[in-house]
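> Structure of the sequence below:
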Amino acid sequence: MPTPARVAVVPEETGPIRIEEVSLPDPAPEQVVVKLFSSGVCHSQLHEMHGPRTGDIVLGHEATGEVVAIGSAVDHVASGDRVLVTWIPRTIGPPPRVPGAAVLTQANGRMAASQGIFTWADHTIADELYVVKLPDGARTDVTCIIGCAVMTGSGAVLNTAGVRAGQSVAIFGAGGVGLCAIAAAKVVGANPIIAVDLDEAKLATARRHGATETVNASQVDAVERIRELTPVKGGVDMMGQPVAGVDFAFDCIGAAETARQILPAARNKVLGSDERSTAVMVGIPREALTVEALDLLAHEKHLTGSIGGTSKPERDVPLYLEWYARGDLDLDSMVTRRYSLDEINDAVIALEKGEIEGRAILEF
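As a prediction, this is how the structure comes out:
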């Protein structure tokens, strides 16, 4: 039978997000209906809100909840199971098909589309590939941010870059995703772990999560400071210049300035060495990227992207829950604000103003 739900809808026209009461249909064979407990408020959703659209949209892509109904082809979860809802297909190998996107019919007959899932709601309906079973006893509030922030930030360090003990990293942006990247760098034994941000409070938070050095980019040239912190004693490159920089530089923001900074922050190549440094784009870029081609070529640097931390939720979620249980991933302090669904506009405004340290969540 249909499931009543309250859903945050971003209207096609300019205006505040509104809360709509809708009826979710019975799940199709490959769908799951979930009563949600909590959902993250991700900065990337602002791109969707401010981008062009041809209709109403529904947002949110990381949440925890309890299954209330399943389609006939769903066999990995059952009614009553507690689950994580994420925008990344759950399978360890290639998914068996392209998962379908959720679409809502509102009371006025208008459709509201999602990019894949929606979690700014007290109930959602999603393709089963976006639903991962949680172990018994798992927390269901702060763990919702594993669905995007953790898998994106920590996954960029673990999966995309493959950072190893003793390697140096610089992480631009000490928001929710950046803090998760810092935590993962600490777990694998990276050193130094350099956090870069414009806000001293966020940099202080970064230190609590594992940063060994911090750089306030509003006060100094971030690239030059990173190079000062990472000299290679006696090392010179093919042009006779001193060698410095990190093994891995991560842009966890996606702003034009940070996207340009990660490549020069990565170490130039020691003459005769086979070592390569890597710049990793994690945050969603807002415009075309220009790079210094000679720097890329002469130092044989790698420039790569990381979408969702190259994550496989069925493999990675248990690992991050283990980190959380043993205190290596402090989700409790990463979640700094909590809102109700009716306060979604307040949450979005605070996010736009840069007032949220770490991650904000909705609780239902």
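> Need the three-state assignment for the nearest residue to Glu213 once chain neighbours are set aside.
Spatial nearest neighbour of Glu213, chain neighbours left out: Ile194 (4.5 Å); criterion: CB to CB, 6 or more residues apart in numbering. No exception for glycine: its C-beta is placed from N, CA and C like everyone else's. Three-state assignment for Ile194 (DSSP: H, G, I helix; E, B strand; the rest coil): strand.
> Tell me how many other residues surround Ile194.
Counted with other CB atoms under 10 Å, the neighbours of Ile194 add up to 26.
> Contacts only, for it.
With contact set as CB atoms under 8 Å, 6 or more residues apart in numbering, Ile194 has these partners: 168-171, 211-215, 226, 229-230, 246.
> any idea how far the nearest residue to His43 once chain neighbours are set aside lies from Ser306?
Beyond its immediate neighbours in the sequence, the residue positioned closest to His43 (CB to CB, 6+ apart) is Leu351, lying 6.1 Å away. Shown here: Leu351 relative to Ser306, a distance of 22 Å by CB to CB, to the nearest Å.
> So if I had to pick from those two, which one is more boxed in?
Neighbours per residue (other CB under 10 Å) separate Leu351 from Ser306, with Ser306 holding more: 23 against 20.
> Would you agree Ile262 is in contact with Ala279?
Yes. Taking contacts as CB atoms under 8 Å, Ile262 lies within contact range of Ala279: 3.9 Å.
> shared neighbours of the two, anything?
Common neighbours of Ile262 and Ala279 (CB under 8 Å, 6+ apart) are Ala249, Phe250, Asp251.
> State the phi and psi torsions of the second one.
Right, the one you point to is Phe250. Per-residue torsions, Phe250: phi -120, psi 130 (degrees, to the nearest 10).
> List the contacts of it.
156-157, 161, 169-172, 178, 181, 262, 279-280, 282, 306.
> how about the strands of the stretch 51-200 of the chain, start to end?
For the stretch 51-200 of the chain, strands defined by DSSP state E, counting those that start in this stretch occupy the ranges 56-58, 62-70, 82-86, 103-105, 111-113, 123-127, 131-133, 169-172, 193-197.
> Ok, which of these comes nearest Asp332?
Shortest separation from Asp332 across the strands of the stretch 51-200 of the chain is recorded for strand 62-70, at 14.6 Å, computed as CB to CB.
> partners of Glu66 in the sheet?
For Glu66, the beta-bridge partners under DSSP bridges are Lys35, Arg82.
> what about it, how many neighbours?
Neighbour count for Glu66, taken as other CB under 10 Å: 16.
> Wait, Cys148 touches Glu62, no?
Yes. The pair Cys148 and Glu62 qualifies as a contact (CB under 8 Å) at a distance of 3.9 Å.
> Mutual contacts of the two, please.
Once CB under 8 Å, 6+ apart is applied, the residues that Cys148 and Glu62 both contact turn out to be Gly40, Cys42, Thr86, Trp87.
> How about the contacts made by the second one?
Read it as Cys42. When contacts are taken as CB under 8 Å, 6+ apart, Cys42 is in contact with Gly60, His61, Glu62, Cys148, Ala149, Gly176, Arg359.
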